[in-house]
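S.K.: Fold the following for me, if possible:
(2 chains)
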Amino acid sequence: MSFLVAENISLQFGGLKAVDQVNFAVEKGEIFTIIGPNGAGKTSIFNLISRFYNPTSGRLFFDGEEFTNAPPHRIAKMGIARTFQNIELFDNASVLSNLLVGRHCHATTNLFQEILFLPAVKRAEFDHRHKVEQVIELLDLEPYRDKLISGLPYGVRKVVELARALCSEPRLMLLDEPSSGLNVEETDDMSFWIRDIRSELGITVLMVEHDMSLVSRVSDRVLALNYGRELVTGTPAEVQSHPEVVAAYLGT
Amino acid sequence: MRFIFKTDYDQDVRILKHSGYWYSYSILLLLLAVAPFVLGNYMQSQLVFVFLYATVGVSLLILVGFTGQASLGHAAFLAIGAYTSAWCQQRGVPFVLYFPLSGILTGIVGVLVGFPALRLQGIYLVIATISFGAIVEEILARWESVTHGNEGLKLKTLEIFGVLVPRDSPGFYFLCLGLLVVVIVAALNLLRSPTGRAFVAIRDSETAAKSMGIDIAAYKVRSFGISAAITGLAGCLYAHKLSFISPEMFTLLLSIEFIIVIIIGGVFSLHGAILGAIFIVMIDPFLTLLKDDLPGYIGSLVRLFGTDVPSAMKIQEKAASLASAPGLKGAIYGLIILGFILFEPTGLYGRWLKVKLYFQTFPMYKAATFKRQKTYVKSERNR
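M.R.: Prediction:
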């Protein structure tokens, strides 16, 4: 069985079918991209995988294990991390504490140890910090370590969000439009990092993206959606030249 | 200006970030240690109230400031702690047992209040906690076999292992100071560990917190429990300080006073609880002073401007009747809250930081440093 499998998943809001009988399978170690015009249901699929929404029908599997009914806070522990389209960082905290929140699913201490701040808590804190520093180094965030998020430019926030997701040491990373709002150089950096995440850290990447040049540079396979339905799955070149995809984007 | 050169992870984890804090906080503790022997009875008693209000302030900061939940029901938690201790003391339970018990019991009630609060947000949560306060007040008035209803309960002198600690003795002062220090250290410990970060994460973005593996429900309930437990402990000492408790002491107005403590002090740092507590405790004698003296001052001021004596007396009487009008205190509290929210939303501690930065960066200070800015709309859909 593939790494992440979506089996006939549907999501319906009243009469609107946001996701309609979509099937896809992401293999371990690949970069899989979902594309589609606005309202095609891309982010809805992400929210289904993050378990923010309950699918109307269908099943989800991760690493051979079904998680269709898992509570949302279990997802991070399973090894799935995500970023958001409209940056969801903790604005009134420093970059460092944002990244440390990313370590939450690895927290081992209980409330009473923490109130007394026993040596075990301190040791665990240093371990978390060590991991966070590795991510900071990977993504060149050193100058911003102690800065508050509310004072950072958009491009940096986008990277911090990626860093926070990496801090949870995921096996699968969901990136929701990693390049939206970034300028050309920042998008280039992002594409290098996405490839680094896959090749150096061995993390499988599932992303939603609009920037077709970024998509064709980094992705192994692409799934095109329109009106919640699957149009075609294949290599970036195949998908881009597929007549139905062209029709969906340009109209007929 | 001091730039701290970081060479060690420990520097970010420590409570006192650099040696300067060691000096200032030891001096502060030293001053507080000699205060009861130097100050008069009245000031010592005022300080005890400052400590108790600050303890409740810290508990509110954990819930309101750091977890982003609302509560106008903390007077009820205080009442539960106070009545637990009074009831236990009457049945001969020793202080060392009923003091922690009042915290634990109030904590359990806090958790129970936290569960329905999971589904509520913002103004609805405020309404729910107000009604919780009203329910508790009503129960205290009606459950006469335990609470003696509106007659109230009298507390005997506090006794620890056979040693009597009267409510105006230095011993009691140190007990309250000790509770405050312990609570502050515990809160700081919590805030620098995963639980505290989870609280802040829930406040800033529930969506992101969920996706980072934080069980929102569990942490909100925990926050309610911790906050209530601390308030319960304060309630135990509060009851002993007053030596008499009755339901009408724990009304909505008291809950509002607690909220004022943190709004005036500043909701983003524990310093706020202490500054706010000093403000709220010291404003009462100040208002009384104004009430007594202000009409006289107004009268003489008017005379200075050449008004004849009878009409000056009339104005003075008018001012006096206005100053003793019922509900004036509530109105002044309302004005204070409004003023702070409009003009100094970061509270007294925020103002202190601004003043400090002004001197640290002396010729280069920019007022825009603290300008509030709103950026990037968050998605409300997944809340």
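S.K.: can you pull out the strands in chain A?
M.R.: Using DSSP state E, the strands of chain A run over A:4-13, A:16-26, A:31-35, A:57-62, A:65-66, A:80-82, A:172-176, A:204-208, A:221-226, A:229-234.
S.K.: how about the closest residue to chain B within the stretch 151-252 of chain A, what does it touch?
M.R.: For the stretch 151-252 of chain A, the residue closest to chain B is A:Ser168, as judged by C-beta to the nearest C-beta, at 6.6 Å. The way it works is simple: take the backbone N, C-alpha and C, and place the C-beta from them, glycine included. The contact partners of A:Ser168, by C-beta atoms under 8 Å, 6 or more residues apart in numbering or on different chains, come to A:76, A:81, A:102-106, B:212-213.
S.K.: cool, B:Pro166 as well?
M.R.: B:157-158, B:172.
S.K.: How is chain A divided into domains?
M.R.: A:1-79+A:171-252, A:88-169 (automatic domain parsing).
S.K.: ok, so what distance separates the residue of the stretch 151-252 of chain A closest to chain B from A:Thr83?
M.R.: As judged by C-beta to C-beta, to the nearest Å, A:Ser168 and A:Thr83 stand 11 Å apart.
S.K.: same thing with A:Gly228?
M.R.: In terms of C-beta to C-beta, A:Gly228 sits 22 Å off from A:Thr83.
S.K.: neighbour count winner among those two?
M.R.: Using other C-beta atoms under 10 Å in any protein chain shown as the criterion, A:Gly228 and A:Thr83 rank with A:Thr83 on top: 25 against 22.
S.K.: low-confidence ranges in the stretch 151-252 of chain A?
M.R.: Along the stretch 151-252 of chain A, the parts satisfying pLDDT under 70 run over A:252.
S.K.: Which one of the domains of chain A lies nearest to B:Cys236?
M.R.: domain A:88-169 (18.7 Å; C-beta to C-beta).
S.K.: can you tell me the distance between the two ends of the closest one?
M.R.: 19 Å (C-alpha to C-alpha, to the nearest Å).
S.K.: Now find how far off-centre it is within its chain.
M.R.: Relative to its parent chain, domain A:88-169 has a centroid offset of 17 Å by C-alpha atoms, centre = their mean, to the nearest Å.
S.K.: Just give me the neighbour total for the residue nearest to A:Asn183 when sequence neighbours are not counted.
M.R.: Nearest residue to A:Asn183, sequence neighbours excluded (C-beta to C-beta, 6 or more residues apart in numbering or on different chains): A:Gly155, at 7.0 Å. Using other C-beta under 10 Å, A:Gly155 has 16 other residues around it.
S.K.: I'd assumed A:Ser180 was in contact with A:Gly155.
M.R.: No: A:Gly155 is beyond contact range of A:Ser180, at 10.9 Å (criterion: C-beta atoms under 8 Å).
S.K.: Run through the strands of chain B in chain order.
M.R.: For chain B, the strands defined by DSSP E occupy B:153-154, B:158-160, B:163-165, B:244-245.
S.K.: Show me the one of those that comes nearest B:Arg203.
M.R.: Closest to B:Arg203 of the strands of chain B is strand B:244-245 (C-beta to C-beta; 33.4 Å).
S.K.: which other helices and strands contact the closest one?
M.R.: When contacts are defined as 3 or more C-beta pairs under 8 Å, 6 or more residues apart in numbering or on different chains; DSSP states H and E, strand B:244-245 sits against helix B:74-90, strand B:153-154.
S.K.: tell me how far it is from the chain's mean position?
M.R.: Strand B:244-245 sits 20 Å away from the centroid of its parent chain (C-alpha atoms, centre = their mean).
S.K.: what residues does that strand touch?
M.R.: B:79, B:82-83, B:86, B:152-155, B:239.
S.K.: mind running it again at 10 Å?
M.R.: B:78-79, B:82-83, B:85-86, B:140, B:147-148, B:152-155, B:235, B:238-239 (C-beta atoms under 10 Å, 6 or more residues apart in numbering or on different chains).
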